[in-house]
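>>> here's my sequence, what's the structure:
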Amino acid sequence: METASISIIKKELKNLTPEELQVIVARLAKYKKENKELLSYLLFDAENEQAFIQSVKAEIDEQFSNLNRSSFYLAKKTLRKVLKTTNKHIRFSGIKETEIQLRIYFCQKLKKSGLNYKSSRVVFNMYINQIKRINKVLAMLHEDLQFDYREEVENL
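Below you'll find the model as predicted:
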């Protein structure tokens, strides 16, 4: 069985009644946690992006507080988990400013964590890749917004 394209799915969804659409969305959310999280974002958090950013930052703070500093291996695993969570929330939002804010916040938390991230090639590359992504997205923004974020990026 071949999967239908997005355009075909959109056309088919237009033909459904609101009740049928509600059943399909509920069923979709039932089978995968990430689908449910995305649906929660779209229904409850999308209209207030700043509150969403603050809640994600609080989640990042919590994960950094659980960072195991005694074993660098476990610290790397935790950092990967934090980055995975951050990337998931960035995908949910799809807003470039949100992406920049969350990536900058992750880098700031990594610098303040007390880990010697420069001694580990993996963690240092993780940090450098975030800086590269920030600069890539920053180039797509309006000049005024670029100016606002440029100083924060320079400090990283």
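
>>> going forward, measure contacts between C-alpha atoms and count neighbours the same way
Will do.

>>> could you check how far the nearest residue to L67 once chain neighbours are set aside is from I128?
Leaving aside its chain neighbours, L67 sits nearest to A75 (5.7 Å; criterion: Cα to Cα, 6 or more residues apart in numbering). Applying Cα to Cα, to the nearest Å, the value for A75 to I128 is 17 Å.

>>> got phi/psi on R69?
phi -90, psi -10 (degrees, to the nearest 10).

>>> how much space between it and T17?
Distance, R69 to T17, by Cα to Cα: 54 Å.

>>> any idea where the helices of this protein begin and end?
6-14, 18-31, 33-40, 49-65, 72-93, 96-112, 121-138, 143-155 (DSSP state H).

>>> reformat these as TSV; add mean pLDDT.
Formatted as TSV, the helices of the chain follow (pLDDT from 0 to 100):
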stretch	mean pLDDT
helix 6-14	84
helix 18-31	85
helix 33-40	85
helix 49-65	91
helix 72-93	90
helix 96-112	90
helix 121-138	88
helix 143-155	74
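
>>> more neighbours: which of A75 and I128?
Taking other Cα atoms under 10 Å, A75 and I128 do not tie; A75 has more neighbours (19 against 14).

>>> list the contacts for the more buried one?
Counting by Cα atoms under 8 Å, 6 or more residues apart in numbering, A75 touches L67, N68, R69.

>>> looking at these, which is nearest F92?
L67 (24.9 Å; Cα to Cα).
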